[in-house]
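Trainee: Predicted coordinates and the sequence they were generated for:
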Amino acid sequence: MTQCRHEPQVLRAAADDSWTGALRQHLLECEDCAAAASVEAWMTEMARVEPRQHALPDPSVVWLKAQLLRQMAAADRASRPITIFQLVAYAVVAGGWAALVTWKWSALVEWVGSWTPMHLVVTASGHSTPPSPAFFVGMLLLSTMTAVLALHTILAED
Ligand SMILES: [Zn+2]
C-alpha cells in the first residue's frame with residue numbers, strides 16, 4: 001500500500017488546523033487522506049495519554065478472574081434446575097393455599113367468627129361446626145410445605 005504524497009501535509013493540517021484550500025480540495029478527491037484526517041485527532045489523543053493508564057493488569061489477576069467467572073457460571077448452570085423446582089414449588093404452595101381458602105371460605109369465616117367470646121356465649125351449646133378434617137389435613141400439609149420451602153430458601157441463600 002503506497003502512501004499518498006499529501007498525507008503528511010494533511011496530518012499536519014489536521015493536527016494544528018492549518019488547512020489550505022488545496023489540501024481541502026485534495027481531501028475530497030483522496031479517500032486515504034480523508035480517512036487519515038478523520039482519525040488524526042483520535043490518534044493524537046491516544047498518543048497523548050500516559051502509557052501507565054494503559055498498563056495491563058497482572059496476568060495472574062486476569063487468570064484468577066477468569067477462573068472465578070468460570071466457576072460462577074458453572075454454579076449458575078448447576079443450580080438452575082433447583083431454582084426452577086423452587087419456583088414451581090412456590091407456585092404449587094401458593095395455589096394450594098388459594099384453593100384451600102377458596103374451597104372452605106364460608107366455613108373458615110364462620111369458624112374464625114366462633115372464636116369471639118360473644119359468639120361463644122350466643123352458641124353456648126357449642127354446636128358451631130369446624131371445617132371438615134380434610135380441610136385441616138390440607139392446611140397441615142400446606143403449612144409443612146410452606147415451612148420447608150421457606151427453610152430451603154433461607155439455607156440456599158448462604
Ligand atoms: Zn491524498
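Mentor: Thanks, I have it.

Trainee: near the ion, which residues of this protein?
Mentor: 4, 6, 30, 33 (C-beta under 5 Å from the ion). Where C-beta positions appear, they are placed from N, C-alpha and C, glycine not excepted.

Trainee: which ones are touching the residue at minimal distance from the centre of the chain?
Mentor: Centroid-nearest residue in the chain, with C-alpha atoms, centre = their mean: residue 76, separated by 12.6 Å. By C-beta atoms under 8 Å, 6 or more residues apart in numbering, no residues touch residue 76.

Trainee: can I get the residues of the chain next to the ion in CSV with secondary structure, neighbour count and distance to residue 86?
Mentor: Below are the residues of the chain next to the ion laid out as CSV (DSSP: H, G, I helix; E, B strand; the rest coil; neighbours: other C-beta atoms under 10 Å; distance: C-beta to C-beta, whole Å):
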residue, secondary structure, neighbour count, distance to residue 86
4, coil, 14, 66
6, coil, 18, 69
30, coil, 17, 65
33, helix, 24, 63
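
Trainee: quick one: least confident helix or strand in the protein?
Mentor: Lowest on mean pLDDT, DSSP states H and E among the helices and strands of the chain sits helix 117-122, with a mean of 65.
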